[in-house]
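this one's sequence-less:
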Ligand SMILES: Cc1cc2nc3c(=O)[nH]c(=O)nc-3n(C[C@H](O)[C@H](O)[C@H](O)COP(=O)(O)OP(=O)(O)OC[C@H]3O[C@@H](n4cnc5c(N)ncnc54)[C@H](O)[C@@H]3O)c2cc1C
């Protein structure tokens, strides 16, 4: 029986790695976070954080570092992409906050990451080692050693692989090397000053535009000073980078069949980036843990962005793992509990995200039926259908 860990090494200082470090430090565990990047440049674009994520950011003491950087949109407006017609106006703002006890936020990923970093830097039990790439590990009887690309051997009682979509540690911890397959869609993203957009189209709202094989989303970030815009469309190209540069011409081409107001919005944005969407080929990983090592976030379960839950699932993993480790059971039991709790949840969210993507990109009669159904249902009823998602609470282990 292995006692509960007193120290942990985390490979990956992204959203999941930093959130886990904070959650473990809150429970008295010493943590070293190893991030392969030397610096954190202004990468990424918009990120939506539902109440299941904002509740965790509050519990971790991260929310206070973010408050002037987020927006709390009042409403989610769904448009028919080709005509521009409004299909539904779903409540967010006070409605969702009252329902779930936590707000719905939109933010720049850069700001979410910076808030997690600031909170971690204020925590004496956390050491953040930049430019430290973890390439493998050696599991021992008394502890585990994370092996760095420069020959470092970093010992701890537990190794958490939060090293993202292209996790290097995944094959060592799970039994297989699953393929990441491009799904044939690319996200074109831009973040632009709010004042450069026509105000009637922005406001304090999340807007979603649906068309055949494509959809576009825009919402306020940086406390409403900027607008994040993403268009996800069928695309044969695949880029492995989160942040490959894209031309405005390519972004405009993807939305050329959309209604004029959206085209105008996209035309007024500059500095486009692109990000090809990948999913893990079936079957899912057979295991997330091996002895003293465990996978977390995208390393365990890459997620398509059609439900805006990739980062939030990493936050949920973080608090679930910390709660399991804090449950006064031995390490093997705690890691097994974490995996057993998280697997069904992320499986359900991943499926719902995939389904949402299909619904968003419907064509012809299927799209007409979707639009008609949306108009028939009450906005509150549609949102109540997501209670299972936004109402999530960390289990009391
Ligand atoms: C640069 C970047 C930009 C992104 N932009 C967006 C966005 O705009 N919108 C959105 O919805 N999602 C974005 N994502 C994805 C989103 O952040 C993740 O899907 C989600 O947060 C899951 O978190 P994670 O911690 O599992 O992975 P990530 O947040 O991707 O973090 C993984 C971290 O591990 C580091 N790393 C990788 N390999 C190693 C290694 N061997 N050793 C040490 N460190 C390693 C990476 O540099 C990265 O910092 C972005 C991710 C990245 C890395």
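Arrived safely. Everything numeric here is computed off the predicted structure, so don't read it as measured data.

only C-alpha atoms for contact and neighbour calcs from this point on.
Will do.

how about the residues of this protein near the ligand?
Listed as neighbours of the ligand in the chain under the rule C-alpha under 6 Å from any ligand atom: 11-17, 34-37, 43-47, 109, 132-135, 162-164, 167-168, 242, 297-299, 310-311, 314.

just the ones of the residues you listed in strands?
Using DSSP state E, 11, 34, 46-47, 134-135 are the members of the residues of the chain next to the ligand that sit in strands.

on that earlier part again, now, of the residues of the chain next to the ligand, which are buried?
Listed as buried from the residues of the chain next to the ligand are 11-17, 34-36, 44-47, 109, 132-135, 162-164, 167-168, 242, 297-299, 310-311, 314; burial here means 16 or more other C-alpha atoms under 10 Å.

tell me how far the closest residue to residue 142 other than its chain neighbours lies from the ligand.
Leaving aside its sequence neighbours, residue 142 sits nearest to residue 157 (C-alpha to C-alpha, 6 or more residues apart in numbering; 7.2 Å). For residue 157, the distance to the ligand equals 18 Å [C-alpha to the nearest ligand atom, to the nearest Å].

run a quick neighbour tally on residue 157.
Neighbours of residue 157 under the rule other C-alpha atoms under 10 Å: 24.

do a quick rundown of the helices in this protein.
For the chain, helices defined by DSSP state H occupy the ranges 15-26, 51-59, 93-100, 109-121, 170-173, 248-254, 260-267, 310-325, 331-360, 364-376, 379-384, 387-390.

tell me the contacts of the residue nearest to the spatial centre of the chain?
Central residue of the chain (C-alpha atoms, centre = their mean): residue 311, 2.0 Å from the mean position. Residues in contact with residue 311, defined by C-alpha atoms under 8 Å, 6 or more residues apart in numbering, are 15-16, 49, 297.

and the furthest pair within the residues you listed?
49 and 297 (15.1 Å; C-alpha to C-alpha).

let me see the confidence value for the residue nearest to residue 142.
If you check residue 157, the pLDDT there is 93.

and it, how far from residue 3?
Using C-alpha to C-alpha, to the nearest Å, we find residue 157 at a distance of 9 Å from residue 3.

gap between the two ends of stretch 38-46?
Terminal residues of stretch 38-46 lie 23 Å apart, using C-alpha to C-alpha.

now that stretch: mean pLDDT?
78.

over to stretch 334-344?
On average, stretch 334-344 scores 95.

can you give me the buried ones in it?
Neighbour-count burial for stretch 334-344, counted by 16+ other C-alpha under 10 Å, picks out 334-339, 341-343.

what's the answer for stretch 248-263, then?
248, 251-252, 254-255, 257-259, 262-263.

try stretch 93-104
So, applying 16+ other C-alpha under 10 Å, buried residues of stretch 93-104: 93-96, 100, 102-104.

one more: stretch 74-90?
Judged by neighbour count using 16+ other C-alpha under 10 Å, the buried positions of stretch 74-90 are 74-82, 84, 86-90.

what sits up against that stretch?
Stretch 74-90 is contacted by residues 91-94, 204-211, 215, 257-262, 371, 374-375, 379-380, 382-383 when judged by C-alpha under 8 Å, 6+ apart.

mind doing that once more with 6 Å?
Residues from elsewhere that reach stretch 74-90 (C-alpha atoms under 6 Å, 6 or more residues apart in numbering): 91-93, 205-211, 258-259, 375, 379.

which of the residues you listed fall in strands?
Counting by DSSP E, the contacts of stretch 74-90 place 91, 205-211 in strands.

for those, name the two members farthest from one another.
Once C-alpha to C-alpha is applied, those give 91 and 211 as the farthest pair, at 22.3 Å.

just to revisit the earlier point, quick one, which of the ones in strands among the contacts of stretch 74-90 are buried?
Among these, those buried by neighbour count (16+ other C-alpha under 10 Å) are 91, 205-211.

Serialize the residues you listed to TSV and add fields for pLDDT.
Shown next, in TSV, are those (pLDDT from 0 to 100):
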residue	pLDDT
91	97
205	94
206	96
207	95
208	96
209	96
210	96
211	92
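
so which of the residues you listed comes closest to residue 21?
residue 206 (31.0 Å).
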